[in-house]
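Peer 1: Provided below are the primary sequence and the corresponding predicted coordinates.
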Amino acid sequence: MTRKNPNHIFFNPNVNTLKPYVPGQQTNDTEYVKLNTNENPFGPSPRVKETIIQFLENSESQLRLYPEPESDSLRKVIAQKFSIRDDEVFVGNGSDEVLSLCFLSFFAERGTLSFPELTYSFYPSIAKLFKIPFSTFKLKKDFSLDLNFVDQKSASIIFPNPNAVTGIALPVKKIESFVCKNPNKLIIIDEAYADFNRASCVPLIKKYSNLLVIQTFSKSRGMAGLRIGICFGNSYLINGLRSVKNSFNSYPIDSLANIAAISAIQDESWFEKNISMIIEIRSYFMLELEKLGFKVLPSSANFVLATHPVIKAKVLREYLNLNKILVRHFPNTIVSNWLRITIGTRENCNLILTVLKQKISEVK
Ligand SMILES: Cc1ncc(COP(=O)(O)O)c(C=O)c1O
């Protein structure tokens, strides 16, 4: 927000100081190959489309009704899949909304929040919105997380596993040991990419009441456009989260997202196939990037972070952009000379490899 505009006096003063999160570029130009926001190249289970079409054909009039306020039918199916109780599941309008509600419910006015120096850049934006003081902890030289670096005085901790931007995962055992040793700190594990690592902290919510786990339908289930996020935790915490949600928006999940998400959860075989394909393409893509001279971090997510020893990341990003390929570059961070590239289809990966090869051969 700019203070130069005289109307800035009408705002909550905090709003004038916000630094909003800037998402990766979206485009309607289908000529672009989008490898910049970690969307799933294969989309959702075909059952999702069938369910939405059936819903609109058979009960279009349902759209005049409000959706289920607590998304009970969806929470029930999620709870069954994870072998937990319905009251240990909360759903919201994308995990960004779930994160915002968690920051407000569990982090605000409760001391300092701690997160890694390099992570999902939405965290500092939400913290500023709710005036949550935060500190960041250093990564190791190889960019992996070390929970020994967390500020001992912090009241709460959040980090993605695998970590955003790097794709590096911590073993669940290490997270469990940290959660167990810090019973007075509230710890949130953001598992946006955990399905691509086939490892999750969700079962731990039964054992530890200081742990919440957040997941999304945007990545592994290919449904970023429908906006569905989940929070798993002890029923007391989940109940509190519901109170906050009901003080803000009673109906975060619309009727179409609700039925679509249920269908997605029920199509386990599509989900498994989708994840396997992405993991397989990831291994291929990492190897091929290395053959071109790139250094690639060991990714457990649906993206890789790579740097070239000679050509600057900014130059490569611009060259790819000219060739209608979008990737993510993070200037002014410790990975300013790295590119984050989403795992697309094998064809997408071959295309980007060809374009990168062209640029590298120009420089030689
Ligand atoms: C680590 C992490 N958490 C959460 C999200 C938000 O996902 P969504 O709001 O689409 O559920 C993202 C999106 O890129 C992410 O990278």
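Peer 2: Received the coordinates, thanks.

Peer 1: so what does whichever strand or helix holds residue 78 touch, helix or strand wise?
Peer 2: Residue 78 belongs to helix 72-82 when assigned by DSSP states H and E. Identification of packing neighbours for helix 72-82 by 3 or more Cβ pairs under 8 Å, 6 or more residues apart in numbering; DSSP states H and E yields strand 89-92, helix 255-266. Where you see a C-beta, it was placed from the backbone N, CA and C, and this is true even at glycine.

Peer 1: Show me what counts as buried in it.
Peer 2: Neighbour-count burial for helix 72-82 flags 74-75, 77-79, 82 (criterion: 16 or more other Cβ atoms under 10 Å).

Peer 1: Turn the residues you listed into a markdown table, columns for distance to the ligand.
Peer 2: As requested, these are exported to a markdown table (distance: Cβ to the nearest ligand atom, whole Å):
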| residue | distance to the ligand |
| --- | --- |
| 74 | 15 |
| 75 | 16 |
| 77 | 18 |
| 78 | 14 |
| 79 | 19 |
| 82 | 17 |
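
Peer 1: Looking at the helices and strands packed on helix 72-82, which one is packed in the most?
Peer 2: When these are scored by mean count of other Cβ atoms under 10 Å, the highest mean neighbour count falls to strand 89-92 (a mean of 26).

Peer 1: what pairs with it, and is each one parallel or antiparallel?
Peer 2: Within its sheet, strand 89-92 is paired with strand 229-233 (antiparallel), according to DSSP bridges.

Peer 1: pLDDT at residue 282, what is it?
Peer 2: If you check residue 282, the pLDDT there is 98.

Peer 1: What of the one 10 residues further on?
Peer 2: The predicted local distance difference test score for residue 292 is 98.

Peer 1: Format the helices and strands packed on helix 72-82 as JSON lines; extra columns: distance to residue 139 and mean pLDDT.
Peer 2: Formatted as JSON lines, these follow (distance: least, Cβ to Cβ, whole Å; pLDDT from 0 to 100):
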{"stretch": "strand 89-92", "distance to residue 139": "29", "mean pLDDT": "98"}
{"stretch": "helix 255-266", "distance to residue 139": "33", "mean pLDDT": "97"}
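
Peer 1: List just the one of the ones you listed that sits closest to the ligand.
Peer 2: strand 89-92 (8.7 Å; Cβ to the nearest ligand atom).

Peer 1: Check what contacts that closest one and list those residues.
Peer 2: Outside strand 89-92, the residues within contact range by Cβ atoms under 8 Å, 6 or more residues apart in numbering are 71, 74-75, 78-79, 82, 98, 101, 228-233, 238, 241-242, 245, 252-253, 261.

Peer 1: What residues does the stretch 1-150 of the chain have near the ligand?
Peer 2: Counting by Cβ under 6 Å from any ligand atom, the stretch 1-150 of the chain comes close to the ligand at 38, 94-96, 120.

Peer 1: which of those residues has the most neighbours?
Peer 2: Using other Cβ atoms under 10 Å as the neighbour criterion, residue 95 leads those with 26 neighbours.

Peer 1: Point out where the chain drops to low pLDDT.
Peer 2: Counting by pLDDT under 70, the chain shows low-confidence ranges at 1-3, 60.

Peer 1: Domain map for this structure?
Peer 2: 24-44+269-363, 46-266 (automatic domain parsing).

Peer 1: ranges for the strands of the stretch 151-300 of the chain?
Peer 2: In the stretch 151-300 of the chain, the strands defined using DSSP state E, counting those that start in this stretch lie at 156-160, 186-190, 211-216, 229-233, 295-296.

Peer 1: As TSV, those strands with distance to residue 114 and mean neighbour count would be great.
Peer 2: TSV is the format used below for the strands of the stretch 151-300 of the chain (distance: least, Cβ to Cβ, whole Å; neighbours: other Cβ atoms under 10 Å):
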stretch	distance to residue 114	mean neighbour count
strand 156-160	5	24
strand 186-190	10	25
strand 211-216	15	25
strand 229-233	19	25
strand 295-296	28	16
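
Peer 1: okay if I get those as TSV plus distance to residue 287?
Peer 2: What follows is the strands of the stretch 151-300 of the chain, written out as TSV (distance: least, Cβ to Cβ, whole Å):
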stretch	distance to residue 287
strand 156-160	25
strand 186-190	28
strand 211-216	28
strand 229-233	33
strand 295-296	9
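
Peer 1: I'd like the ones you listed laid out as a markdown table, including distance to the ligand.
Peer 2: Formatted as a markdown table, the strands of the stretch 151-300 of the chain follow (distance: least, Cβ to the nearest ligand atom, whole Å):
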| stretch | distance to the ligand |
| --- | --- |
| strand 156-160 | 4 |
| strand 186-190 | 5 |
| strand 211-216 | 3 |
| strand 229-233 | 4 |
| strand 295-296 | 19 |
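
Peer 1: Nearest to residue 26 among the ones you listed would be which one?
Peer 2: Closest of the strands of the stretch 151-300 of the chain to residue 26 is strand 211-216, at 16.8 Å (criterion: Cβ to Cβ).
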